[in-house]
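Asker: curious how this folds, go ahead:
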Amino acid sequence: MNDWKEVIEESRPGPVLKTQSARCMDCGTPFRRQENSGCPLGNKIPEFNELVYQNRWREALDRLLETTNFPGFTGRVCPAPCEGSCVVGIIENPVSIKRIECSIIDKAFEEGWMVPRSPLKRTGKTIAIVGSGPAGLATADQLNRMGHSVTVYEHADRIGGLMMYGVPNMKTDKVNIVQRRVNIMADEGVKFVVNADIGVDPSYSLDRLREDNDAIFLAVGATKPRDLAVPGRQLSGVHFVMEFLHANTKSLLDSNLRDGHYISAKGKKVVVIGGGDTGTDCIGTSIRHGCSSIVNLELLPRPPQSRAPGNSWPQWPRIFRVDYGHQEAAAKFGKDPRSSEVLTKRFVGDENGAVKGLEVIRVYWEKDASGKFQFKEVEGSEEIIEADLVLLAMGFLGPESTVAEKLGVEQDNRSNF
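Answerer: Next up is the predicted model:
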């Protein structure tokens with residue numbers, strides 16, 4: 001909690017991983033490979049697990065790279081639906097597939113197996129990719145392997161998108177994991193352009209992009225945040241989560257936070273609204289800043305400890321989980337910071353226009369006449385929670401639309417292309 005190093009389970013080769021990989025062998029129902037219930041990439045999990053058990057790490061790497069471009073990313077931040085579909089998980093903890101994947105790629109870099117492999121010939125086709133997050137990088141990697149000439153354009157000052165500026169260092173190291181992989185792609189011939197505001201900056205006009213390329217791939221990310229339209233939203237001290245996380249990572253990389261160009265939680269009463277992974281990252285970041293307290297509010301009910309009747313295997317288990325941020329908050333402040341079924345009614349400000357608290361009310365959920373769950377307020381349960389920093393982590397509404405609109409790309413009512 002006192003530094004920004006990665007917080008991950010032990011993933012070095014050894015008895016623990018050998019035992020975990022052994023648990024996967026001879027399984028008669030390898031659902032983890034099914035796209036509808038296990039790994040969406042179709043990773044050959046039983047196969048690379050067996051190779052790890054046999055200590056054939058180089059072959060395990062080859063098997064892993066058949067289906068995924070960036071196991072160093074997914075081995076750290078993927079929610080691991082494969083583990084939710086693991087047969088062993090029906091009666092006990094599932095096989096630690098994510099940890100095994102991470103160990104394979106980390107060993108590959110340690111052994112020097114991950115080296116640039118440029119295509120043998122070029123097709124003469126040029127491709128522009130707008131956005132350098134996981135989707136943009138994976139597309140660039142695949143197209144470059146096919147021999148196309150690929151240029152990736154990123155509006156930020158570093159390549160990586162969400163992996164660089166959205167996911168904090170505690171989950172993925174930026175230099176030793178993200179930039180290391182980007183460097184290999186650059187050595188293989190992929191061109192990267194940063195500070196490129198496509199469709200806005202005249203230097204990067206869409207007309208020019210069309211003229212210079214045979215195809216354009218949009219990978220701009222789902223960056224539009226869900227807002228909380230309640231009284232007091234305009235108060236200073238209320239921020240979207242990505243403002244907080246992006247600025248922190250940039251300042252950390254630029255100056256180890258010495259430049260002060262970030263939203264500091266030091267000495268502050270922090271309230272995070274939203275109970276997902278991003279909210280957890282806000283908790284972990286605030287603790288490292290030195291916040292005086294942390295509260296995490298969630299509108300939905302607390303999930304059950306085990307699968308509900310309507311959530312059977314091999315579906316993703318919708319159960320109560322404890323992540324690194326929750327563990328750290330409990331260690332520092334003596335309790336889990338989360339509070340479920342809480343609705344924010346308004347933000348309370350001081351005489352200087354800064355937030356000093358939230359008025360909240362308890363809710364409960366029940367089905368309406370159509371069978372759809374709706375929440376209702378619990379009368380008399382209003383309270384004020386003190387706060388001088390509020391972080392909105394309520395998810396995202398869809399992709400940034402500027403480039404799509406100018407290119408005439410159709411979007412549905414959920415902003416999907």
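Asker: and A329, how close does it get to L65?
Answerer: Between A329 and L65 the distance is 37 Å, computed by CB to CB, to the nearest Å. Every residue, glycine included, has its C-beta placed from N, CA and C.
Asker: for R346, which non-adjacent residue is spatially closest?
Answerer: P231 (4.1 Å; CB to CB, 6 or more residues apart in numbering).
Asker: ok, the one you found touching V348?
Answerer: No - using CB atoms under 8 Å, P231 makes no contact with V348, being 9.1 Å away.
Asker: who has more neighbours, those two?
Answerer: V348 (17 against 12; other CB atoms under 10 Å).
Asker: wasn't that one part of a strand?
Answerer: Yes - V348 forms part of a strand when assessed by DSSP: H, G, I helix; E, B strand; the rest coil.
Asker: and the closest residue to it other than its chain neighbours, what does it touch?
Answerer: Spatial nearest neighbour of V348, excluding adjacent residues (CB to CB, 6+ apart): G357 at 4.2 Å. For G357, the contact set (CB atoms under 8 Å, 6 or more residues apart in numbering) comprises 347-348, 384-387.
Asker: just put those residues in JSON lines and tack on distance to E47 and pLDDT.
Answerer: Shown next, in JSON lines, are the contacts of G357 (distance: CB to CB, whole Å; pLDDT from 0 to 100):
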{"residue": "F347", "distance to E47": "53", "pLDDT": "99"}
{"residue": "V348", "distance to E47": "57", "pLDDT": "98"}
{"residue": "I384", "distance to E47": "56", "pLDDT": "98"}
{"residue": "I385", "distance to E47": "50", "pLDDT": "98"}
{"residue": "E386", "distance to E47": "54", "pLDDT": "98"}
{"residue": "A387", "distance to E47": "50", "pLDDT": "98"}
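Asker: measure E188 to S149 for me?
Answerer: According to CB to CB, E188 stands 12 Å off from S149.
Asker: with Y204 instead?
Answerer: Taking CB to CB, one finds Y204 at 17 Å from S149.
Asker: and what of V271?
Answerer: V271 is 49 Å from S149, by CB to CB.
Asker: the two: who's more crowded?
Answerer: V271 (29 against 19).
Asker: and the more buried one, helix, strand or coil?
Answerer: Applying three-state DSSP: V271 is strand.
Asker: for E359, same thing?
Answerer: strand.
Asker: so what pairs up with it in the strands?
Answerer: Beta bridges link E359 to R346, I384 when assigned by DSSP bridges.
Asker: wait, isn't it in contact with E386?
Answerer: No - at 11.3 Å, E359 and E386 do not qualify as touching, with contact defined as CB under 8 Å.
Asker: between those two, which has more neighbouring residues?
Answerer: The neighbour comparison of E359 against E386 (other CB under 10 Å) goes to E359, with 17 against 14.
Asker: which residues touch the more buried one?
Answerer: Contacts of E359 (CB under 8 Å, 6+ apart): 344-348, 382-384.
Asker: can you do 6 Å?
Answerer: 345-346, 384 (CB atoms under 6 Å, 6 or more residues apart in numbering).
Asker: residue boundaries of the strands in the stretch 1-150 of the chain?
Answerer: 126-130, 149-153 (DSSP state E, counting those that start in this stretch).
Asker: would you turn those into CSV with mean pLDDT?
Answerer: Listed next are these as CSV, based on pLDDT from 0 to 100:
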stretch, mean pLDDT
strand 126-130, 97
strand 149-153, 98
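Asker: for F396, find the nearest of those.
Answerer: Closest approach to F396 among the strands of the stretch 1-150 of the chain (CB to CB): strand 126-130, 17.8 Å.
Asker: so which bits of that closest one are buried?
Answerer: 127-130 (16 or more other CB atoms under 10 Å).
Asker: with stretch 142-160 instead?
Answerer: 143-144, 147-156, 158-160.
Asker: how long is that stretch end to end?
Answerer: 16 Å (CA to CA, to the nearest Å).
Asker: ok, residues contacting it?
Answerer: Taking CB under 6 Å, 6+ apart as the rule, stretch 142-160 contacts 119, 121-123, 125-130, 132, 136, 140, 164, 178, 182, 188-198.
Asker: just for the protein, where's the confidence low?
Answerer: 9-13, 26, 28-37 (pLDDT under 70).
Asker: can I see the domain layout of it?
Answerer: As recorded under automatic domain parsing, the domains making up the chain are 15-111, 126-218, 225-396.
Asker: for those domains, which one sits closest to K406?
Answerer: Closest to K406 of the domains of the chain is domain 126-218 (CB to CB; 5.0 Å).
Asker: how far away from the center of its chain is the closest one?
Answerer: 18 Å (CA atoms, centre = their mean, to the nearest Å).
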